[in-house]
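1. kindly generate the corresponding structure for this input.
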Amino acid sequence: MLKPPKAKVPDLEDRQQLLNARRNTKMARSTHAYVRGNTIKFYDWLEQAEIRSLPHGPAIWICGDCHTGNLGPVADAKGRIEIQIRDLDQTVIGNPAHDLIRLGLSLATAARGSSLPGVTTINMIEALFAGYAEAFDKDRESDEPVRRPELVRVVMREAVRRSWKHLARERLDDIQPTIPFGNRFWPISKKERAEIEALFRNDAVARLATSLRGRANSGDVTVLDAAYWVKGCSSLGRLRYAVLLDVDGGVIEGDDLCLIDIKEGVKAAAPRYPDTSMPRDNAERVVEGARHLAPHLGERMRAASLQGRPVILRELLPQDLKLEIEQIGEEEAMEVARYLALVVGRAHARQMDKSTRRSWLAELRRSKTRSIDAPLWLWSSIVELVGSHETGYLEHCRRYALAAA
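-> Numbering: from 1, shown residues only. As a prediction, this is how the structure comes out:
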C-alpha cells in the first residue's frame, strides 16, 4: 500500500508571506472586515481624531478590541453558556470608553455594509448608548436576564445543541483523532512538535484539559497531533497552534478528545492607563483580563511559555461561537446594538463598586444634545472613525489590487 507523500513544513518566511496574502484578501472583502483587522490603526486614528472631551472612565480591564466578531456564546467549564467577550488579546487596564467606541464603529460599518440608511445608523448609536448605560443604571451586583435579539437567539440555540462532532467537523473536517493538513492547518517541524509535547508534560498545563473535562487531575494527557493553525489576521507574526489531545487513553469517543488552541501573547495595541498594575507577561495579562471581563472563558485559559515566548492555552468547546453580523436588517439593528452594548457594559460594571458605577454613568451622560439621544463625544468619534476607516479601506483595496496584478 502506497503511503501518502509527507506534507511540506513551511519555514517561518513562507508562513509570513502566505499569512500576509491571506490577511490582505480577507481585509479587502468589506469595510467591516477591514475594521475588524485593524486594531492598531483604530487607536492611531482615535488619537489623531479631533474629538473633544472624550471621557476618562475608571481604571478597569477593557477588551481593547471590542468589535462584534469578538462577542458570542461562551461556555464555562460546566457547560453553561452566556454571551460574553470571546477574544482578549488586546485587554488592558484602560479607558472603558474605548470599548464602547470600538463596538459602535463595528456596528456602524456593519450597517453601511448592509445598505441601511444613515438614520438607522443614528438610531443604532442611540441604542448602543442606552444599552451600555443600562448596565450601570441599577444598584445591583448580579446580572439579570434580558431579552435577546433574534440574531442572538439563533446563535445561542445552535451553541446549546452542539457536540464534539460538530466541533470536529467544523475545525478538523473529520471526527478522527488527527488534524488534516490543508488550507487551515499546516504541518510543523519535529522541533515544534517536541516542544509542544514537552509543554503538555507540565502538570499545570495538563490539568487544563483534565479539569475542564470533569476528570481527576491525575488523568493521562497525550498529544495525538499538532499543527500550525492558520487564523487569518490574528496569526500573522505570532505562534499559533492547534493541538489534539487524548485525555484518558480512549481516543474512540469525542469526550476522550480535547482540542487546544495555543496562541502567542503579544504586546497590546490598546492604550493602558499609566500607574496601573498589570502582569508584565503578555500571556498572563490576557488570562487576567479574561477572568475579569469574560469569566466563562477566563476559567478555561492558562498562561505558559513555548519557544521562549508567552502563550495562552484554552480548550475549544463546541459551544464557543462568534456572532457574524456581516448583514443586518433595519428592524433588528437597534436591538442588536443595545444588547451587545449591555453585554459589554456588564463586563465593565462588574469590576466597579456602587459609587464608581454611579459616577461613571453621570460622566457618560454628559454632552448629550437635543438632536441625538447619545453623548456628543460618542457620536463624533464614531462618525469621524467611520470616515477614516472608509478611506483606509479603499486605499488598502488599491494596494491589494496592485499587489495581485
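2. got the contact list for A33?
-> Applying CB atoms under 8 Å, 6 or more residues apart in numbering, we find A33 in contact with 26-27. Yep, even glycine has a C-beta here, placed from its N, CA and C like the rest.
3. mind telling me what element L340 is part of?
-> Assigned by DSSP states H and E, L340 belongs to helix 330-349.
4. counting by contacts, list what that helix packs against.
-> strand 71-75, strand 81-85, helix 96-113, helix 118-134, helix 150-161 (3 or more CB pairs under 8 Å, 6 or more residues apart in numbering; DSSP states H and E).
5. that's a helix at A270, yeah?
-> No - read with DSSP: H, G, I helix; E, B strand; the rest coil, A270 is coil and lies in no helix.
6. just give me the neighbour total for it.
-> For A270, the count of nearby residues is 23 (other CB atoms under 10 Å).
7. numbering from 26 from now on, please.
-> Shifting the count to begin at 26 puts that one at A295.
8. what sits against it?
-> So A295 contacts 64, 68, 87, 89-90, 115-117, 119, 123 (CB under 8 Å, 6+ apart).
9. recalculate using a threshold of 10 Å.
-> With contacts defined as CB atoms under 10 Å, 6 or more residues apart in numbering, the neighbours of A295 are 64-65, 67-68, 87-91, 114-120, 123-124, 127.
10. just the buried members of those?
-> Those of those that meet the buried threshold are 64, 67-68, 87-91, 114-120, 123-124, 127, by 16 or more other CB atoms under 10 Å.
11. return the subset of those residues lying in strands.
-> In strands, defined here by DSSP state E, the members of these are 87, 117-119.
12. need these in CSV with distance to W254 and pLDDT, can you?
-> Conversion of those to CSV gives the following (distance: CB to CB, whole Å; pLDDT from 0 to 100):
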residue, distance to W254, pLDDT
I87, 26, 98
V117, 25, 97
I118, 29, 97
G119, 28, 96
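13. closest to P320 among these?
-> I87 (15.5 Å; CB to CB).
14. mind listing what the residue nearest the centre of the chain touches?
-> Note on the chain: the residue nearest the mean C-alpha position is D112, at 2.4 Å, using CA atoms, centre = their mean. When contacts are counted by CB under 10 Å, 6+ apart, D112 is found next to 88-92, 94-97, 259, 288, 311, 315, 319, 322, 347.
15. give me the distance between it and L153.
-> Distance of D112 to L153, computed by CB to CB, to the nearest Å: 19 Å.
16. where in the stretch 76-225 of the chain is pLDDT low?
-> Within the stretch 76-225 of the chain, the segments meeting pLDDT under 70 span 76-77, 163-170, 185-201.
17. chain center to stretch 345-353: distance?
-> Computed by CA atoms, centre = their mean, to the nearest Å, the chain-centroid distance of stretch 345-353 equals 12 Å.
18. export only the CA atoms of it, formatted as CSV.
-> Only the C-alpha atoms of stretch 345-353 are listed here, as CSV (Å, rounded to 0.1, in the frame of the first residue of the first chain):
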residue,chain,number,x,y,z
ASP,A,345,-18.0,28.7,21.5
LEU,A,346,-19.3,30.6,18.5
LYS,A,347,-18.9,34.1,17.2
LEU,A,348,-21.6,36.5,16.2
GLU,A,349,-21.5,37.0,12.5
ILE,A,350,-23.0,40.4,11.6
GLU,A,351,-22.0,40.9,8.0
GLN,A,352,-25.6,41.6,7.1
ILE,A,353,-28.2,43.1,9.4
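19. in that stretch, what counts as buried?
-> For stretch 345-353, a neighbour-count test (16+ other CB under 10 Å) marks 345-346, 348, 350, 353 as buried.
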